[in-house]
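*Asks:* structure for this input, please:
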Amino acid sequence: GLRELGYVEGQNIAIEFRWAEGKYDRLPGLAAELVRLKVNVIVAGGAPAIQAAKQATETIPIVMVATPDPVATGFVASLARPGGNITGMSMMAAELAGKQLEMLKEVVPKVSRVALLGNPANSGNAQQLRHAQDAARALGVRLQPLEARDPSEIDNAFAAITTERAGALIVLADTMLVNHRTRIADHAARRRLPTVSGLSEYAEAGGLLAYGSSVSDGLRRAATYVDKILKGAKPAELPVEQPTKFELVINLKTAKALGLTIP
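*Replies:* Modelled structure (predicted):
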């Protein structure tokens, strides 16, 4: 995205890259490190990273990507006028959690009990859960919320799914969970659980279907915010964008293995 706007790393822009590997306790230290380096702008992906950047600086502009609901999480005052040092993109993951449940019910009409896996350490998961619960009530589906703060808790969650005899699974958007998508897909396959998520990576790893806004498209569009800020624009005055590109990905190999016919 930056290249398309005329930026070439090493020539007219330098990028300091930090990655917490899904370990959220490392984020505050990484954010503080970037602030010490006096960078001109911070691009942060996911609610935990945005929160860490927000706590580290009130002056350096922050461009957020892949956040479910930036108003509900307190990152911005409103979409039209963010008001602080943060702007960027909302991925609408909260609203889409209900839509994912609707699609799951279309593909597996007889399902009555659905497990939902989220990470309570991610502030964005609470909004996604709330929308999924609203959709579950409307569809007459019983939702079983389960938590995994770290990879070791994923196995426990699936043991609980087996005990409660859930017939399908929703996985909420979360960096730690998506890092372990193959493990989640393997667990689901062994239990013959149709799985839906908002991130296409899950369907590619073996989950049944994914429906959500395109994170890669959001990252590309984040470059336009960086460009405007480097040219003097104030984050407080740059409206937060809603996604315009959505992806529906269905793994037909998984559908066949589950004995499901996709319309």
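*Asks:* residue boundaries of the strands in the chain?
*Replies:* For the chain, the strands defined by DSSP state E occupy 42-45, 62-67, 86-90, 113-118, 142-147, 168-171, 195-197, 209-213, 246-250.
*Asks:* give the contact list for residue 251.
*Replies:* Each residue near residue 251 by Cβ atoms under 8 Å, 6 or more residues apart in numbering is listed here: 203-204, 206-209. In short, each C-beta sits where N, CA and C put it, glycine included.
*Asks:* list buried residues within those.
*Replies:* Buried positions within those, assessed by neighbour count (16 or more other Cβ atoms under 10 Å), are 203, 206-209.
*Asks:* count of neighbours near residue 117?
*Replies:* Close neighbours of residue 117, defined as other Cβ atoms under 10 Å, add up to 27.
*Asks:* in this structure residue 153 contacts residue 147, no?
*Replies:* Yes: under the criterion of Cβ atoms under 8 Å, residue 153 makes contact with residue 147 at 6.9 Å.
*Asks:* beta partners for residue 113?
*Replies:* Taking DSSP bridges, one obtains residue 142 as the residues bridged to residue 113.
*Asks:* show me what contacts the residue lying closest to residue 214 once chain neighbours are set aside?
*Replies:* Leaving aside its sequence neighbours, residue 214 sits nearest to residue 245 (Cβ to Cβ, 6 or more residues apart in numbering; 4.6 Å). Shown in contact with residue 245 (Cβ under 8 Å, 6+ apart): 213-214, 217.
*Asks:* in helices, which of the contacts of residue 251 fall?
*Replies:* 203-204 (DSSP state H).
*Asks:* between the contacts of residue 251, which sits nearest residue 4?
*Replies:* Nearest to residue 4 out of the contacts of residue 251 is residue 204 (Cβ to Cβ; 25.5 Å).
*Asks:* turn the contacts of residue 245 into TSV, columns for neighbour count and pLDDT.
*Replies:* Output for the contacts of residue 245, formatted as TSV (neighbours: other Cβ atoms under 10 Å; pLDDT from 0 to 100):
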residue	neighbour count	pLDDT
213	22	89
214	17	86
217	17	89
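*Asks:* nearest to residue 118, of these?
*Replies:* residue 213 (18.0 Å).
*Asks:* isn't the closest one up against residue 91?
*Replies:* Yes: taking Cβ under 8 Å as the definition, residue 213 is a contact partner of residue 91 at 4.6 Å.
*Asks:* go ahead and confirm residue 4 touches residue 224.
*Replies:* No: between residue 4 and residue 224 there is no contact under Cβ under 8 Å: 9.3 Å.
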